[in-house]
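Engineer: Curious how this folds, go ahead:
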Amino acid sequence: MTESIEEKKVPASPADEWLQVESLDLDAQGVSHKSDGMVVFIEGALPFEEVQFNVHRRKNNWEQGTVTQIRRESSQRVRPGCPHFGLHTGACGGCKMQHLDAAAQVAVKQRALEDNLWHLGKVKPENLLRPLEGPAWHYRYRARLSVRHVVKKGTVLIGFHERKSRYLADMQVCPVLPKQVSAMLMPLRALIGSMDARDTCPQIELACGDAPDSTALGTIALVLRHLEPLSSADIGRLKAFAAENEGVQWWLQSKGPETVKLLEEGGTPLAYRLPEFGVTMPFKPTDFTQVNPHINRALVGKALRLLDVQPEERVIDWFCGLGNFTLPLASQAREVLGIEGSDTLVKRATDNFKKNQPATSARRALSETQFVARNLFDMTPEMLVADGSADKWLVDPPREGAFALAKAMADLHQQPELRTGGWTPPKRIVYVSCNPSTLARDAGLLVHQAGYRCTFAGVVNMFPHTAHVESIAVFELE
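Structural biologist: Okay, here's the model as predicted:
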């Protein structure tokens, strides 16, 4: 939906009908039914509330609107922690669930995971994992902030878009960003407003790292997208801003991601730490890393405990990226193979392995580890067999999921003659997902066609106050 509520209002029918809200969907809309059976999605409404609403979109079998009055309020309704959250004109669209108690948010996501697994994959986990949670505020170490010089307002706006709008919200603070970054929003607005290039800098990408030898906030990398070359005066302004704000490191991007370059050499390189495994992961601001480092540390530990890798085992880490799971796995297994679709990420993962290879007081030397690049969306049974048998798998795909991988496993299960060279399937798979629908699809293949049981599943609250659902599932070979 892109139209605003103000642009398109349709009178509710019948007028003044009070509705009982039954549930909450993943867009944080209350779900209800009118007296004629019509399904209604109501923004701002919570389960068990009695509400009235304005309709702003109508189809043959459903309506969508915004709550106007609440006659009975939910006990789980809370005061939002951000002044820019709400249903009012100009409200920020970055978060959708701040009006719902944090624990209830997690319950909604858990229900969404279970519903997806059953309705899309016909899979019911044998056990539900306790939700993995962390700080509800100041957790977001990565963000893409839009920048606009609004001449009519005489100011520069930096932040997220307004709810259902192409306009930017007038954000002075953002409580989901680190405190230092939230406090920097207004100074950043003043900085861009003072620049010659204020009309040709559409975006600032944020990436924060850990402090050396600590998991506290360290380097704050700001990648400035600029459509025209910057003047020497603007370069000077950026350098002065970095000097005045501890930890800030400017990067410039003139075109695509390949043009990103550091403005000034020196300073602390970007890196995050996985102290449970004695691993430090250097990265560049345009590399994919998890938005929430607190949860990522807990997630890596949880995934490896569920995988239960033994010293004599070989493990494959599919969609390995920079080696977020691969390097911790290498501290436990006999041999690890990391497979990733990007040649650039394979090189970065290999470099990270080499930098972490010496043994430390926290762990032994990393085991034999190899990284290879392969298009994992074109996986075939033959390619799978060529990678050799592994005792266990770690799978962490993007939103598209790992359909080709699961399909190849199903084919090998149903056609044993394809298992050449003594290939055997992994006895356990831990699947980390950022999309419950594609996880459910792949789980259906693994359970119903590849000979696995889904023994555990649960949610990981990577993005508090948003509708994003991260999850983890465990599959055991029958």
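Engineer: Run through the stretch 1-150 of the chain and note the low-pLDDT ranges.
Structural biologist: Filtered on pLDDT under 70, the stretch 1-150 of the chain yields the residue ranges 1-15.
Engineer: Now do the helices in it.
Structural biologist: Secondary structure of the stretch 1-150 of the chain (DSSP state H, counting those that start in this stretch): helices located at 102-121.
Engineer: Can you list the residue ranges for strands in it?
Structural biologist: For the stretch 1-150 of the chain, the strands defined by DSSP state E, counting those that start in this stretch occupy 19-20, 23-24, 29-33, 39-43, 50-58, 62-72, 127-128, 142-150.
Engineer: Just the CA trace of the fifth one, in CSV.
Structural biologist: Taking only C-alpha atoms (Å, rounded to 0.1, in the frame of the first residue of the first chain), the coordinates of strand 50-58 have been written out as CSV:
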residue,chain,number,x,y,z
GLU,A,50,-13.6,-3.3,20.9
VAL,A,51,-13.0,-0.6,18.3
GLN,A,52,-14.5,1.6,15.6
PHE,A,53,-12.5,2.4,12.5
ASN,A,54,-12.4,4.4,9.3
VAL,A,55,-12.2,2.4,6.1
HIS,A,56,-9.5,3.5,3.7
ARG,A,57,-9.3,0.5,1.4
ARG,A,58,-12.0,-2.0,0.4
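Engineer: Between the strands of the stretch 1-150 of the chain, which one is closest to V156.
Structural biologist: strand 142-150 (5.1 Å; C-beta to C-beta). In short, each C-beta sits where N, CA and C put it, glycine included.
Engineer: Which positions in that closest one come out as buried?
Structural biologist: Buried residues in strand 142-150, counted by 16 or more other C-beta atoms under 10 Å: 142-143, 145-149.
Engineer: what about the stretch 301-450 of the chain, any weak spots by pLDDT?
Structural biologist: 361.
Engineer: quick one: the helices in it?
Structural biologist: Secondary structure of the stretch 301-450 of the chain by DSSP H, counting those that start in this stretch: the helices cover 326-330, 343-356, 381-386, 403-414, 436-448.
Engineer: Ok, which of the ones you listed comes nearest G247?
Structural biologist: That would be, of the helices of the stretch 301-450 of the chain and by C-beta to C-beta, helix 343-356, which comes in at 21.6 Å.
Engineer: Return the list of helices and strands in contact with the closest one.
Structural biologist: Judged by 3 or more C-beta pairs under 8 Å, 6 or more residues apart in numbering; DSSP states H and E, helix 343-356 is in contact with strand 279-282, helix 326-330, strand 335-340, strand 368-373.
Engineer: Just name the most buried of those.
Structural biologist: For the helices and strands packed on helix 343-356, the largest average neighbour count (mean count of other C-beta atoms under 10 Å) is found in helix 326-330, namely a mean of 28.
Engineer: quick one: it to chain centroid distance?
Structural biologist: Its chain's C-alpha centre and that of helix 326-330 lie 21 Å apart, by C-alpha atoms, centre = their mean, to the nearest Å.
Engineer: So what touches it?
Structural biologist: 274, 276-277, 279, 281, 300, 304, 307, 309, 315, 317, 320, 336, 338, 349, 352-353, 356, 366-367, 369, 371, 394 (C-beta atoms under 8 Å, 6 or more residues apart in numbering).
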